[in-house]
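> Need a 3D model of the sequence below.
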Amino acid sequence: MESLALLAVFLISLTVLGGPISLLLTFIPQRLLPLAVIKIWAFVIAAVAIFVGLMLIVNVNSIGAMSMGVIGIATAVLAIYRVIKVIPKI
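You can find the predicted model right below:
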């Protein structure tokens with residue numbers, strides 16, 4: 001049973017932490033990391049957060065899990081928007 005709880009925590013943390021981490025990656029200055037590395041990592045982490053967040057929203061009936069999924073999806077979509085539109089202009 002502990003392994004099932006660990007799996008649930010891992011899946012929820014992917015969406016709850018993945019969206020904000022990918023958004024924070026878009027604010028890292030280019031002098032610390034190359035722009036391509038920032039864009040690739042932010043996009044990959046955001047895509048995982050969106051996928052897991054959608055799974056949480058569709059498959060889970062609790063309000064808490066749905067709100068965590070919405071938060072993860074919202075921040076991940078904002079991160080992808082920044083990767084596509086904002087970062088190339090900097």
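
> can you pull out the helices in the protein?
2-25, 35-59, 63-81 (DSSP state H).

> Could you pull out the buried residues of the first one?
Of the residues in helix 2-25, 12, 14, 15, 16, 18, 19, 20, 21, 22, 23, 25 count as buried by neighbour count, 16 or more other Cβ atoms under 10 Å. Placement of C-beta: from N, CA and C, glycine included.

> And it, how far out from the chain middle?
Offset of helix 2-25 from its chain centre (Cα atoms, centre = their mean, to the nearest Å): 9 Å.

> Could you tell me the angle between it and helix 35-59?
Orientation check (axes from the mean of the first three to the mean of the last three Cα atoms, to 10 degrees): helix 2-25 against helix 35-59 gives 130 degrees.

> ok, back up a step: tell me which of the helices of the chain lies nearest to residue 88.
Evaluated with Cβ to Cβ, the helices of the chain place helix 35-59 nearest to residue 88, the distance being 8.5 Å.

> Need the residues that contact that closest one.
If you take Cβ atoms under 8 Å, 6 or more residues apart in numbering as the criterion, helix 35-59 is touched by 11-12, 14-15, 18-19, 21-23, 25-26, 28, 30, 65-66, 68-70, 72-73, 75-77, 79-80, 82-83, 87.

> Skipping adjacent residues, who's closest to residue 82 in space?
Sequence neighbours aside, residue 26 is the residue nearest to residue 82 in space, at 4.2 Å (criterion: Cβ to Cβ, 6 or more residues apart in numbering).
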